[in-house]
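Participant: for reference, the sequence and a predicted model appear below.
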Amino acid sequence: MTIILSLISLILISVAVWQLTKIFELSKPVKSEYTDVADYKDNDINGKLMFLFLIFLYGLTIFSFFKWGDVILPESASLEGEKTDTLLWFTFSVIFVVQTITQAFLYYFAFKYRGNKKRKAFFFPDSNLLEGVWTVIPAIALAGIILYGLMTWTEIMTIEENDEALVVEIYAQQFNWKARYAGEDGVLGDANVRFLQDFGGKNLVGIDSTDPNGDDDIVVQELHLPVNRQVVFRIRSQDVLHSMYMPHFRAQMNAVPGMITQFAFTPNVTTTEMRLRKEVVDKVIKINNIRFQKSQELTAKGEFPLDPYEFDFLLLCNKVCGASHYNMQMKIIVETEEEFEDWLDEQITFKEFIK
Amino acid sequence: MSKTETSHDDHHDHHHKETFITKYVFSIDHKMISKQYLITGLIMGIVGIAMSLLFRLQLAWPEQSFGVFDLLLGKWATDGVMDPNVYLALVTIHGTIMVFFVLTAGLSGTFSNLLIPLQCGARDMASGFLNMISYWLFFVSSVLMIASLFVEAGPAAAGWTIYPPLSALPQAQPGSGAGMTLWLLSMAVFIASSLLAALNYIVTVINLRTKGMTMTRLPLTIWAFLVTAIIGVISFPVLLSAALLLIMDRSFGTSFFLSDIFIQGEVLHYQGGSPVLFEHLFWFLGHPEVYIVLLPALGIASEVIATNSRKPIFGYRAMVASILAIAFLSTIVWGHHMFVTGMNPFLGSVFTFTTLLIAIPSAVKAFNYITTLWKGNIQFNPGMLFAIGLVSTFISGGLTGIILGDSALDINLHDTYFVVAHFHLVMGISALYGLFAGVYHWFPKMFGRMMNKNLGYIHFWITAIGAYGVFFPMHFIGMAGLPRRYYTNTNFPYFDDLANINVVITMFALIAGAAQIIFLYNFISSIFYGKRTEKNPWKSNTLEWTAPIKHIHGNWPGKIPHVHRWAYDYSKPGSKEDFIPQNVPLKKGEKELQH
């Protein structure tokens, strides 16, 4: 790798030197009136390059969507996420149109009105009509985007807990996640970092053992969620800021020490269903091809090959939290209500665990 | 005014008494101070950009061994492989240096200093002495920041936003020890420097304009610098208070930002503080800071685009109004950095509303620039290329701001690479282009020589392709859900298909980085060997070009020119030349545009 890189830098440097020498040839004063102020020839070349740059910009856009469009997150796996996705693509289409048109005007005018000796600029200092037009039109467009955005935001952030909602605590620490379920009573026991050292360190999330609500709480390292049921997350951190980020559900909320934050969504696709979605299947195939190639390189060097990849929902940390921030993750499994209950029954309660 | 003039005339007689130290080191002349700002800013820029290339190598070829890491990072890159803590430190210091030292002090410091007295028609800044102090405080803060790179446990590594508790507790990461102390100290000194400078700028613009230079005849550069200084004075003290409170928490056991913490096996004593409070204080500066960086760049672009289009800037009044509107709104939008911090969702709604409103004055500015080009007679001097590039990246980056400013959409994109791509285009690259446009345009004024235009063209086109090549694909990584500040994404097989994009981005970054060497070469060699300039090489209207090429104390020999018209009488019908400098009186029967 180092060799390739040094080769690249060598090539780059030599290209640079070659260009430099060429420039010096070009910049030799052919006539005595040579100055470093742009002349007709410079205007012509740079004006044309402006037009080419517009093509480059469009080309880059098209190429990127064509080549990398498939890395974009698959369709949302939560009810709320579907709403944000609609809003996202609506907003995207608006700004895409604006971007395409304004960049075209900018670079086309730069090309079209490149200076020459004959041209005289048009003295055009002001127009209230034009200023009005491009104040009012963006204002109307933005009013629409703002209203639509705020409606969506309010819907997502107004957490109306119904009786059926599942309350889960997400607990963050350097550098892992834990989840706590309320158990049969449906109420999370009180907790504080002061209790973390109780029971010889077995009190993993600092549950207050004098609060009876905590007795049947269940602390786990893998997040299981039932499908089609609202989940309310209460988020805590024991040391620094973290952020609970679940991109597939379009969900994110910071974990703040000294404070309980919350977020809610309703997953509507199970892990199994998600794995069968076409875009996910394609993505997994693509990733496994990449991993297969890497594995071959590794085995050739006598190292262990990589495991094949299978899709899972993820919880990532999205607020820089220290050295291993990049590896602070938890697996999320969305399953049917029955599977979820079965799994929950197998787990040990807090009371049993500290015995 | 007449009093100052006479005193300065007296001063000229003693000109020869200047020693090396008073002329080049502790100078109180605004032109020398602006050069000092520029050169210090460029040196910091080299450090900041070099850091970004280092961590781009790590991102494209994660955990690979590189000779250059071994060379530059030493013990922090065992066998040439970058350490995760060092990755975070590089990201942090890159951000701090670029935002504050290059794009605030390097850009605003250089051109406010150079242009405010020259374009307003003043002998110097209101207080030359304070001006000198503000530069030397900036210098001290730069030295402190660089010194923090050499402490035993490494420099600050909590991100340039230094959110506590990570930044407050040395147990949380090695960079939060002496490195963070130096960071805070450096920033405290930096803020003192910015405040002194800003007060000086404001007083000079308000009080020392020459006869006839009404506020509505001011060039847009000066409007931008004035408003920038005002938002600086309003918001920088809040960051200072945040830094001081954080120092108290770190060193004196207070609990402003900390509460209920258990780390490394022990419960800490902190009770009742909140990191969210710090976030509010930080972003109360942090967001206006974006405009402190951007407005001067836009001001420079206004001047450069009008001059080189040989046309008046379109919609002068609307441009001034939009600068004021942006400045006002910029102080009430900080919460859009905090939609997912646990802040009340209703506050989120308010901040979404105010944030998206900024798009309106921004759109007005962009359209006015484009209309200025329309039917112009565009002279593609290197400064002009960068000014057009600025408008382009300002649009591209600004538009994605409509997505991120929308709280509902920010939930999923917050702190991903989408944000990195957005702000680099809209404030990073745009402001950097503004800096380059300014350097190419005013180099003759600063150094009396011209920069080589062909090297300038090459510099621009490689940089332009490189900048879009780096930041356009980066949006896709963000939309794939990859968080920023990850040392590597190899621990998530889900992100394995991003590896190719990361390689492409790094390639473009290396190319764009290499192009800056061309600029540096051009800059340094032109200082000594550039072609000697004419008095007004770009045929510009503003007052600085009426001053003699060779710098003198007091800027103009004899009387300061009086101003009779606005700065944008380019290609005015009825005039033979396509420009009429501001000091030329109205001809008989000629009407002045009313503003």
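Facilitator: In hand now; what should we look at? Numbering: from 1, shown residues only, chains lettered A, B, ... in the order given.
Participant: now do the helices in the stretch 201-350 of chain A.
Facilitator: A:271-276, A:278-300, A:337-346, A:350-354 (DSSP state H, counting those that start in this stretch).
Participant: using CSV, write down the CA coordinates of the longest one.
Facilitator: Written as CSV, here are the backbone C-alpha positions of helix A:278-300 (Å, rounded to 0.1, in the frame of the first residue of the first chain):
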residue,chain,number,x,y,z
LYS,A,278,-34.6,-6.7,-2.5
GLU,A,279,-32.4,-3.6,-1.8
VAL,A,280,-31.0,-5.3,1.3
VAL,A,281,-30.4,-8.6,-0.4
ASP,A,282,-28.5,-6.7,-3.2
LYS,A,283,-26.5,-4.8,-0.6
VAL,A,284,-25.5,-7.9,1.3
ILE,A,285,-24.4,-9.6,-1.9
LYS,A,286,-22.3,-6.6,-2.8
ILE,A,287,-20.7,-6.4,0.7
ASN,A,288,-20.0,-10.1,0.7
ASN,A,289,-18.3,-9.8,-2.6
ILE,A,290,-16.1,-7.1,-1.2
ARG,A,291,-15.4,-9.2,1.9
PHE,A,292,-14.7,-12.2,-0.2
GLN,A,293,-12.0,-10.4,-2.1
LYS,A,294,-10.5,-9.0,1.1
SER,A,295,-10.5,-12.5,2.6
GLN,A,296,-8.5,-13.8,-0.3
GLU,A,297,-5.9,-11.1,0.2
LEU,A,298,-5.8,-11.9,3.9
THR,A,299,-5.5,-15.6,3.5
ALA,A,300,-2.7,-15.1,1.0
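Participant: what's the neighbour count on B:F20?
Facilitator: A count of nearby residues for B:F20, using other CB atoms under 10 Å in any protein chain shown, gives 7. The way it works is simple: take the backbone N, C-alpha and C, and place the C-beta from them, glycine included.
Participant: and A:A77, what are its phi and psi?
Facilitator: Dihedral pair for A:A77: phi -110, psi 20, per degrees, to the nearest 10.
Participant: how about the residues of the stretch 251-355 of chain A by chain B?
Facilitator: A:251-254, A:256-259, A:261, A:283, A:286-287, A:290-291, A:306-307, A:309, A:311-312, A:314, A:316-327, A:329 (CB under 8 Å from any CB of the partner chain).
Participant: so B:D249 sits right up against B:S255, yeah?
Facilitator: Yes - contact criterion CB atoms under 8 Å: B:D249 and B:S255 qualify, at 6.7 Å.
Participant: now the helices of the stretch 201-350 of chain A in a markdown table, with mean neighbour count and distance to B:I313?
Facilitator: Output for the helices of the stretch 201-350 of chain A, formatted as a markdown table (neighbours: other CB atoms under 10 Å in any protein chain shown; distance: least, CB to CB, whole Å):
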| stretch | mean neighbour count | distance to B:I313 |
| --- | --- | --- |
| helix A:271-276 | 16 | 54 |
| helix A:278-300 | 14 | 48 |
| helix A:337-346 | 13 | 64 |
| helix A:350-354 | 16 | 69 |
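Participant: which of these comes out lowest on mean pLDDT?
Facilitator: For these, the weakest mean pLDDT is recorded on helix A:350-354, namely a mean of 89.
Participant: list the buried ones in the longest helix anywhere in chain B?
Facilitator: Looking across chain B with DSSP state H, the single longest helix is helix B:275-309. Neighbour counts over helix B:275-309 (16 or more other CB atoms under 10 Å in any protein chain shown) mark B:275-276, B:278-309 as buried.
Participant: before we move on, back to that, drop anything exposed from the residues of the stretch 251-355 of chain A next to chain B.
Facilitator: Buried among those (16+ other CB under 10 Å): A:251-254, A:256-259, A:261, A:283, A:287, A:290-291, A:306, A:309, A:311-312, A:314, A:316-327, A:329.
Participant: residues near the nearest residue to B:G80 once chain neighbours are set aside, how many?
Facilitator: Excluding its sequence neighbours, the residue lying closest to B:G80 (CB to CB, 6 or more residues apart in numbering or on different chains) is B:S65, at 3.6 Å. Neighbour count for B:S65, taken as other CB under 10 Å: 15.
Participant: isn't B:S65 right up against B:L73?
Facilitator: No - B:S65 is beyond contact range of B:L73, at 11.6 Å (criterion: CB under 8 Å).
Participant: where does pLDDT dip in chain A?
Facilitator: Scanning chain A for pLDDT under 70 picks out A:1-3, A:17, A:20-33.
Participant: for it, longest helix please?
Facilitator: helix A:79-112.
Participant: which parts of the next helix or strand along the chain from that helix are buried?
Facilitator: Counting by DSSP states H and E, the next helix or strand C-terminal to helix A:79-112 is helix A:128-157. By neighbour count on 16+ other CB under 10 Å, the buried set for helix A:128-157 is A:130-131, A:134-135, A:138, A:141-142, A:145-146, A:148-150, A:152-153, A:156-157.
Participant: what subset of the buried residues of helix B:275-309 is also close to chain A?
Facilitator: B:275-276, B:309.
Participant: in CSV, list the helices of the stretch 201-350 of chain A along with distance to B:A512.
Facilitator: Output for those, formatted as CSV (distance: least, CB to CB, whole Å):
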stretch, distance to B:A512
helix A:271-276, 39
helix A:278-300, 27
helix A:337-346, 51
helix A:350-354, 55
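Participant: what sits closest to the residue most central in space within chain A if chain neighbours are left out?
Facilitator: Closest residue to the average C-alpha location of chain A: A:P247 at 6.7 Å, with CA atoms, centre = their mean. Leaving aside its chain neighbours, A:P247 sits nearest to B:G481 (3.2 Å; criterion: CB to CB, 6+ apart).
Participant: find the centremost residue of chain B, please.
Facilitator: Closest-to-mean residue, chain B, CA atoms, centre = their mean: B:L103 / 2.2 Å.
Participant: so who does that one touch?
Facilitator: Neighbouring residues of B:L103 by CB atoms under 8 Å, 6 or more residues apart in numbering or on different chains: B:293, B:427-428, B:431-432, B:435.
Participant: you'd agree it is in a helix?
Facilitator: Yes - counting by DSSP: H, G, I helix; E, B strand; the rest coil, B:L103 falls inside a helix.
Participant: check it and give its pLDDT.
Facilitator: Reading off the model, B:L103 has pLDDT 96.
Participant: how near is it to chain A?
Facilitator: 22 Å (CB to the nearest CB, to the nearest Å).
Participant: list the contacts of A:A264.
Facilitator: A:80, A:159, A:161, A:165, A:230-233.
Participant: mind running it again at 10 Å?
Facilitator: Counting by CB atoms under 10 Å, 6 or more residues apart in numbering or on different chains, A:A264 touches A:78, A:80, A:156-161, A:165-167, A:230-234, A:251, A:253.
Participant: so how many other residues sit close to B:F346?
Facilitator: Neighbours of B:F346 under the rule other CB under 10 Å: 12.
Participant: quick one: it and chain A, what's the gap?
Facilitator: Taken as CB to the nearest CB, the span from B:F346 to chain A is 9 Å.
Participant: so which strand or helix has that residue?
Facilitator: Going by DSSP H and E, B:F346 is in helix B:345-357.
Participant: mind listing what's buried in that helix?
Facilitator: Within helix B:345-357, the residues that qualify as buried are B:348-357, counting by 16+ other CB under 10 Å.
Participant: the inter-axis angle of the helix or strand following that helix versus helix A:128-157?
Facilitator: For helix B:345-357, the following helix or strand on the C-terminal side (DSSP H and E) is helix B:359-373. Interaxial angle, helix B:359-373 versus helix A:128-157 (axes from the mean of the first three to the mean of the last three CA atoms, to 10 degrees): 150 degrees.
Participant: hmm, helix B:359-373 in reach of chain A?
Facilitator: Yes - counting by CB under 10 Å from any CB of the partner chain, contacts between helix B:359-373 and chain A involve B:359-373.
Participant: for that helix, name the packing helices and strands.
Facilitator: If you count contacts as 3 or more CB pairs under 10 Å, 6 or more residues apart in numbering or on different chains; DSSP states H and E, helix B:359-373 packs onto helix A:79-112, helix A:128-157, helix B:275-309, helix B:316-330, helix B:382-404.
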